[in-house]
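*Asks:* here is a sequence with its predicted model. Questions after.
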Amino acid sequence: MTEKEHHSLDVYIGKTINTVRKKQGLTIAEVSEQSGISRGMLSKIENGQVSPSLDSLLKVSKALGIPISAFFKEFDTEEGGAQHIKADERLEVVRRGTKVGHTYHLLAYDNGPKKRFEPFLISLDNQSEIFPSFSHEGYVFMYLLEGEMIYRHGKQTYHMKPGDSLTYNAQISHGPEELIQVPIRFLNVIVYGENAPT
């Protein structure tokens, strides 16, 4: 462990002790009395100014009534940075072949120079709609949420019901062949480039 990492661990442990102590409504003096560690030393530990020994941490953990592992629990956890798209923020997009009763909602936006994947929620409401053939880059994972249809990929057709999934090479002609029960809703995740299965 580098000196910088060691210092950041000391700071992290100190903040954890400080947070737990305050949540329990305890003063440094009270924790000092319970643990047998001087107030001055506890203050330095909480401020990340010293590296506490395991023996000291064990005494503090007993005084606070928490396991010693609680001091390290989240230390190596990476910061979150997930993309959260709320239901009313989904972007409706127009794609080739999009008509009335045929809606694409893009569920995540890839801001990088190259698209890695595109997840869509697709809704089909018009039972008499005739679909063109689609073909494009990437591989598709498709999962039927609602409705029933016959889906074509190349020369093969697949009778799909809720809970069924289909994975295919998108460069081969594909698309709905027959809408048996509408409304139909399915997830379509298109994976591009290096991320695509071989």
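*Replies:* Okay, I see it. Residues are numbered from 1 along each chain as shown.
*Asks:* what are the boundaries of the strands in the protein?
*Replies:* Remark: strands assigned in the chain by DSSP state E are 91-93, 102-106, 117-124, 139-153, 156-160, 165-169, 174-191.
*Asks:* what's in contact with stretch 40-52?
*Replies:* 6-7, 10-15, 17-18, 21, 28, 31-32, 35, 37, 56, 60 (Cβ atoms under 8 Å, 6 or more residues apart in numbering). Using the backbone N, CA and C atoms, a C-beta is placed for each residue, glycine as well.
*Asks:* can you point out the buried residues in it?
*Replies:* Neighbour-count burial for stretch 40-52, counted by 16 or more other Cβ atoms under 10 Å, picks out 41-42, 44-46, 48, 52.
*Asks:* how does the chain divide into domains?
*Replies:* 3-71, 87-195 (automatic domain parsing).
*Asks:* for the lengthiest helix in the chain, which helices and strands make contact with it?
*Replies:* As assigned by DSSP state H, the longest helix anywhere in the chain is helix 3-23. Judged by 3 or more Cβ pairs under 8 Å, 6 or more residues apart in numbering; DSSP states H and E, the packing partners of helix 3-23 are helix 39-46, helix 54-64.
*Asks:* so how far is the shortest one from its chain's centroid?
*Replies:* Its chain's C-alpha centre lies 38 Å from the corresponding centre of helix 39-46 when counted by Cα atoms, centre = their mean, to the nearest Å.
*Asks:* circling back: of the domains of the chain, which shows the lowest average pLDDT?
*Replies:* The weakest mean pLDDT among those belongs to domain 87-195, with a mean of 85.
*Asks:* residues near residue 124, how many?
*Replies:* 21 (other Cβ atoms under 10 Å).
*Asks:* quick one: residues contacting it.
*Replies:* Residue 124 makes contact with 101-102, 147, 149, 176, 179, 182-185 under the criterion Cβ under 8 Å, 6+ apart.
*Asks:* confidence score at the residue most central in space within the chain?
*Replies:* The centroid of the chain falls nearest to residue 82 when counting by Cα atoms, centre = their mean (5.7 Å). pLDDT recorded at residue 82 is 77.
*Asks:* residue 139 versus residue 189, what's the distance?
*Replies:* To residue 139, residue 189 is 9 Å away according to Cβ to Cβ, to the nearest Å.
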